[in-house]
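Q: Mind looking at a prediction? Sequence and model below.
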Amino acid sequence: MKTNKLSYFTSLLILLSGWLANAQAPVLGTAADFVIFSTDGAVTSNVTNSLMTHLTGNVGTNTSGATSTGFGNVNGVMQDNNIASSLAAADLLIAYNQLNGLIPNFFPAALLGNGNTFVPGIYFINSTAVLDGNLILDGQNNPNALFVIQINGAFSANSLSEVTLTNGALACNVFWKVEGLVDMSAGTLMKGTIVANNAAILMGVGSKIEGRLLSTTGAITVNGVEAKLPLGCGTPVLNGPTAPNLASTICYAIFSGENEVTNAGVTTVLGDVGTNVGLTTGFNALDVTGTIHPIPDVSTAQCAADLLDVRTYLNALTPDIELLYPAQFGNDLLLTPHTYIINGATVFTDTLFLDAQNNVNAVFVIKIFGALATTSLAKVTLLNGAQAKNIYWIVNGAVSLSTFTEFKGTLIVNNGAISAATGTIVEGRLMTTSGAVTTFSITDNMTVGCPPLAVTTNSKVNELIVYPNPFSKTLTLQVNENNINSEFILYDVLGKTIIQKKINQTSTSIEVNVIPGIYFYKFTNSAGSLQTGKLIAK
């Protein structure tokens, strides 16, 4: 009898394993491109306490005459009551029917979470359900592990609840089919595609989802949330557009095709500096690793010609995504490898995140038809393999980089001036076809690619370590034995020398009595190699 029972359960497990392996995820079709979509319902973003909603993926509704409202810049396309939304509505219905037709093999309690773990399978709850605490989805090291949670009623998530993926589980393989209202409270961390049938979806302040919010019939309202499409499961790799051929411009860090280039204060540069019309003034040769072209020459003439070609190429690129609110640019917006367009003067505030999605060759192009200004301390932050050498800005208007801006990429300005204020740090190039360039105590390290400078660049890395940073009253300078008999100079933002110190040992402590603020240093070793950096006094 025991043998028969063992044989029965073994056979059942084998059949169940085979069924799970063959269970297929629904085909979302064009609905997969949407991070938020309703076939028939309003799609709205509410703003509370100035919190902005950040979305990666298309947003839209197929409701006749309706538009998605309240959204700022979206890293996707707004598709309202058009061909794309009509196709998405048809595909969403097919996907819903596929989810609804899956036969469940697990029947959990209506209270989900509290540290419980789900293995791959189809789960069915014949009532309303609540997510509380942490629900763990264990992929069991199977990249194709599928999780479907069918809820025959409303679904809510308590504040700060979350879904955690472990052992290879992917958000693209997680689906929630809900026959009622979906209401996620503040701070919910959700994974997977939610399909609400004939019901609304609400997502509270500070909530995040890696997945999608989709409704067959019902309004969708979000409020200060982050939502992004899941990666994996055959999602195409984003490469962005083909990068331009920089030709001779690749060796210039600061350049104007038809106007003066001037500097005030201590500006350190990795790359050539020059103009093809007028003079280049104010740069100290000791602070420039590259060639300063004080007057036009053969090199500047070639750079001016090549710069026009780069400008023409970037201008001609067809944009994938329009950022609809120029005055809201930045503000923690996350962009992925695409060609973007902004039709208007732009104010870059706070932080812009560029996410390469682990593709180190991914290219970003941002086209701005209007002036570009940054607020103080604005910065570009690179994520998941994004590289400054693969970022291109084409601006049809003047550019003003405010104090302590951290800028990444090659900036090509068409018929406009460039001004970079004190403390600006550029990893890339500042170039204009015809405007003046003015810098005030900035750091500009040209992105890699110029062969004559490549060896110099590599030889300077980490020759000096300065800590702590920020500092209070004491700085420690640490060098290796090869860099004894070097010189350390500390400047304020106006270029005034604060400290000039000979380094005669591997570790040197110096007292620095300065007011709180931003300072710059220059380190020159006995071989003439130069290293520069920024320090903050608190």
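A: Good, I have the coordinates.
Q: CA only for contacts and neighbour counts going forward, please
A: Will do.
Q: List the buried residues for stretch 375-391?
A: 375-383, 386-391 (16 or more other Cα atoms under 10 Å).
Q: same deal with stretch 501-510?
A: Buried-residue list, stretch 501-510, by 16+ other Cα under 10 Å: 503, 507.
Q: what residues does it touch?
A: 474-481, 483-489 (Cα atoms under 8 Å, 6 or more residues apart in numbering).
Q: Let's see that with 6 Å instead.
A: With Cα atoms under 6 Å, 6 or more residues apart in numbering as the test, stretch 501-510 has contacts from 474-480, 484-488.
Q: same question, stretch 228-245
A: Contacts of stretch 228-245 (Cα under 6 Å, 6+ apart): 35, 55-57, 171-172, 210-211, 337-338, 362-364.
Q: avg pLDDT for that stretch?
A: Across stretch 228-245, the average pLDDT comes to 95.
Q: next one: stretch 323-342
A: 96.
Q: what's it in contact with?
A: Residues from elsewhere that reach stretch 323-342 (Cα under 6 Å, 6+ apart): 73, 75, 238-240, 319-322, 344, 346-356, 362-368.
Q: Of those residues, which qualify as buried by neighbour count?
A: Neighbour-count burial within these applies to 73, 75, 238-240, 319, 321-322, 344, 346-356, 362-368; the criterion is 16+ other Cα under 10 Å.
Q: In contact with Glu260, which residues?
A: 278-279, 436.
Q: how does it look with 8 Å?
A: Glu260 neighbours (Cα under 8 Å, 6+ apart): 275, 277-280, 435-437.
Q: Out of those, give me the one that has the most neighbours.
A: Neighbour counts for these peak at Thr275, which has 33 neighbours (criterion: other Cα atoms under 10 Å).
Q: Phi and psi next, for the nearest residue to that residue once chain neighbours are set aside.
A: Residue nearest to Thr275 in three dimensions, not counting chain neighbours: Ser256, with 4.7 Å by Cα to Cα, 6 or more residues apart in numbering. Main-chain dihedrals, Ser256, degrees, to the nearest 10: phi -130, psi 140.
Q: how about the nearest residue to Leu93, chain neighbours excluded?
A: Using Cα to Cα, 6+ apart, the nearest residue to Leu93 is Thr216, at 6.9 Å.
Q: what about the one you found, neighbour count?
A: 22.
Q: Going by neighbour count, which residues in stretch 389-400 are buried?
A: Buried, per 16+ other Cα under 10 Å, within stretch 389-400: 389-400.
Q: what does it contact?
A: Contacts of stretch 389-400 (Cα under 8 Å, 6+ apart): 243, 311, 314-315, 361-374, 408-421, 428, 447-448.
Q: in which helix or strand would I find Lys522?
A: Under the criterion of DSSP states H and E, Lys522 resides in strand 517-524.
Q: Could you dump the contacts of stretch 228-245 into a markdown table with distance to Ser127 added?
A: Below are the contacts of stretch 228-245 laid out as a markdown table (distance: Cα to Cα, whole Å):
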| residue | distance to Ser127 |
| --- | --- |
| Val35 | 27 |
| Leu55 | 31 |
| Thr56 | 32 |
| Gly57 | 31 |
| Ala171 | 24 |
| Cys172 | 25 |
| Glu210 | 25 |
| Gly211 | 23 |
| Pro337 | 42 |
| His338 | 43 |
| Ala362 | 46 |
| Val363 | 48 |
| Phe364 | 47 |
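Q: In strands only, show me those.
A: If you go by DSSP state E, the contacts of stretch 228-245 have 35, 55-56, 210-211, 364 in strands.
Q: Now for those residues: which two are most distant?
A: Using Cα to Cα, the ones in strands among the contacts of stretch 228-245 span at most 23.2 Å, a distance reached by Gly211 and Phe364.
Q: what sits against the closest residue to Ala345 other than its chain neighbours?
A: Nearest non-adjacent residue to Ala345, counting by Cα to Cα, 6+ apart: Gly370, 4.1 Å away. Gly370 makes contact with 343-346, 395-398 under the criterion Cα under 8 Å, 6+ apart.
Q: again, but for Cys450
A: By Cα under 8 Å, 6+ apart, Cys450 lies in contact with 250-251.
Q: Could you pull out the helices in this structure for me?
A: For the chain, applying DSSP state H gives helices covering 2-22, 83-101, 298-316, 451-459.
Q: mind listing what the residue nearest to Thr300 when sequence neighbours are not counted touches?
A: In space, and not counting its chain neighbours, Thr300 is closest to Asn276: 5.1 Å by Cα to Cα, 6+ apart. Taking Cα under 8 Å, 6+ apart, we find Asn276 in contact with 256-259, 295-297, 300-301, 304.
Q: what do you get for Asn81?
A: Asn81 touches 60-67, counting by Cα under 8 Å, 6+ apart.
Q: What separation do you get for it and Ala362?
A: 32 Å (Cα to Cα, to the nearest Å).
Q: Ala90 too?
A: 33 Å.
Q: same deal with Gly192?
A: For Gly192, the distance to Ala362 - Cα to Cα - is 25 Å.
Q: pLDDT weak spots in the stretch 351-500 of the chain?
A: Along the stretch 351-500 of the chain, the model assigns pLDDT under 70 to residues 452-463, 493.
Q: so where is the stretch 1-150 of the chain shaky, pLDDT-wise?
A: Ranges of the stretch 1-150 of the chain meeting pLDDT under 70: 1-23, 47-50.
Q: Need the nearest residue in space to Gly72, chain neighbours excluded.
A: Closest to Gly72 by Cα to Cα, 6+ apart is Tyr325, at 6.2 Å.
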